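Engineer: I'd like to go over a predicted model; first the sequence, then the structure.
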Amino acid sequence: MEEYRLPEEFAPLPEEYRVPAEPVDRPGEEFSPRPGARRRSADRHRLLKRLMLVPLAAAVASSALWLSSFGLDPLGADAPERTDQNRPVEEQTTGYEVHVTYAPTGETAAFTGEDEEGALSQARTWVAERGGDPDGMRFLRQEQLLVDTIYSDDCIIVGDPDDMEHAYIAQGTVTYVYRWEIYYEANGEDDAFPVLPNLFPDFAGDYAWGDYGPEEYVRIMTEGTQEAVYLHMGEAWRQLEGQGEGDLPGASYDRETNVLTLENFSGDILDVNLMGNGFTVRLIGENRLRMLMVWGAMYGGSVTFVGDGRLVIDGGDEPAIRLNAEGSQSCLMVDNGVTVEAYSNAAAVLINETALDPAVYCRRGVTVTGGADTVVDQVENDGTTYYTHVMVDENGNPAAYVRFGAD
């Protein structure tokens, strides 16, 4: 996929369809305070304080009008400094909750404790009971969750106490109570691969953004002729390019298993689009490519290498292995018994905009030489963090050579 395309279902609606949503009451929450706020006496105090602030607000408004006649903006950028009235919001931690995903089965569990080590100890026991490696639990992320808001009895807030960014504490204190939520992933003794969604190609056409049908394909540029031979192609490419699937000696694709087999094959560019996170390359004998290019397009663009053969990819001045996840959970996985070597003057392995960290996984017994998986950039969109990974050498530079395989 050479350019980014916005799915039609995400395009803005015509103006006549843009109508405001009607408010919806949640059962049992009609009279509840905002999430995290204490009930009982704290709510009565808040109501009294808001009533007491009515005359104060009127006085502030009249003063603001009077000062504005002199060109001042007391409620905006020109407002007098109020550092003597601002008080820092206090914070408390009420406990820790450790979440663990056991990758081989996809099971998840959560464990709580007053301290992090107590919750972690329970999590390790749970992983060991499932035959996993409790000492190899991989940290994913941590979040600080607001669970309560405590106002002192003498607290007076100028502005909206539900929007503290635009309010300040005139008297008393506000205490935010947080719980730390920490996420880990655990693997079995022989299974180091993550559990991923969207394993098979987009045959159903969920990501067919045009009117031509599914857009998945597996194609290989041949050496010498530089012609693209499609070993598998979705309906979109049949219509757009007016051709069908072809054959290449030494390369075959099995649609039922989503496996591409290379046997003593030599080609130029292996280009893969929307083939899902279960796309697998099985290697037999000696194989060579100039580049492996994969596109995920918010669906899935992972590659798993299996078999007992060897693949050498020499990218020259371009990345040898390039996974363009495009906002999907995509990664590179290497099984036991196979050998993959990547050369490049730019970067041997590059994985763009994936929701996974790390993005390179190897089963036990696979040795990685020449580079290590490193995050070089990350962005957040709609609450999800997307990472760009490059395998770097011991000096922190993009690795020119990376080898996966047994010693």
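Structural biologist: Cool, the structure landed. Numbers count the residues shown, from 1 in each chain.
Engineer: give me the pLDDT value at residue 199.
Structural biologist: For residue 199, the pLDDT comes out at 92.
Engineer: who are the contact partners of the closest residue to residue 307 other than its chain neighbours?
Structural biologist: Sequence neighbours aside, residue 283 is the residue nearest to residue 307 in space, at 4.0 Å (criterion: CB to CB, 6 or more residues apart in numbering). From N, CA and C alone the C-beta is placed, and that goes for glycine too. Counting by CB atoms under 8 Å, 6 or more residues apart in numbering, residue 283 touches 262, 305, 306, 307, 308, 309, 310, 311, 338, 339, 340.
Engineer: so the fifth one touches residue 335, yeah?
Structural biologist: Meaning residue 308. No - counting by CB atoms under 8 Å, residue 308 does not reach residue 335; the two are 9.9 Å apart.
Engineer: and those two? Which one has more around it.
Structural biologist: Set residue 308 next to residue 335 and count neighbours by other CB atoms under 10 Å: residue 335 wins out with 21 against 13.
Engineer: got the phi/psi numbers for that one?
Structural biologist: phi -90, psi 170 (degrees, to the nearest 10).
Engineer: residues contacting it?
Structural biologist: Residues in contact with residue 335 (CB under 8 Å, 6+ apart) are 304, 305, 306, 307, 363, 366.
Engineer: local confidence estimate at residue 143?
Structural biologist: 84.
Engineer: still on that earlier bit, buried ones among the contacts of residue 283?
Structural biologist: Using 16 or more other CB atoms under 10 Å as the burial test, the contacts of residue 283 include 262, 305, 306, 307, 309, 310, 311, 338, 339, 340 as buried.
Engineer: mind putting these in TSV, secondary structure included?
Structural biologist: Converted to TSV, the buried ones among the contacts of residue 283 look like this (DSSP: H, G, I helix; E, B strand; the rest coil):
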residue	secondary structure
262	strand
305	strand
306	strand
307	strand
309	coil
310	strand
311	strand
338	coil
339	strand
340	strand
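Engineer: turn these into CSV, columns for pLDDT and distance to residue 277.
Structural biologist: Formatted as CSV, the buried ones among the contacts of residue 283 follow (pLDDT from 0 to 100; distance: CB to CB, whole Å):
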residue, pLDDT, distance to residue 277
262, 97, 20
305, 97, 14
306, 94, 15
307, 94, 19
309, 96, 22
310, 97, 24
311, 98, 20
338, 95, 18
339, 97, 23
340, 98, 18
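Engineer: the residue most central in space within the chain and residue 327: what is the separation?
Structural biologist: Nearest to the geometric centre of the chain sits residue 355, at 2.5 Å (CA atoms, centre = their mean). According to CB to CB, to the nearest Å, residue 355 and residue 327 sit 7 Å apart.
Engineer: need the residues touching each of those two.
Structural biologist: Common neighbours of residue 355 and residue 327 (CB under 8 Å, 6+ apart) are residue 386.
Engineer: which residues in this protein form helices?
Structural biologist: All helices of the chain, identified by DSSP state H, fall at 41-68, 116-129, 235-241.
Engineer: outline the domain layout of the protein.
Structural biologist: The record's domain parsing of the chain by automatic domain parsing lists 32-191, 217-405.
Engineer: output the lowest mean pLDDT helix or strand found in this protein.
Structural biologist: helix 41-68 (a mean of 45; mean pLDDT, DSSP states H and E).
Engineer: OK, contacts around residue 257?
Structural biologist: Here residue 257 is in contact with residue 280 (CB under 8 Å, 6+ apart).
Engineer: from residue 244, how far out is it?
Structural biologist: If you go by CB to CB, the gap between residue 257 and residue 244 works out to 21 Å.
Engineer: what of residue 291?
Structural biologist: With distances taken as CB to CB, residue 291 is found 24 Å from residue 244.
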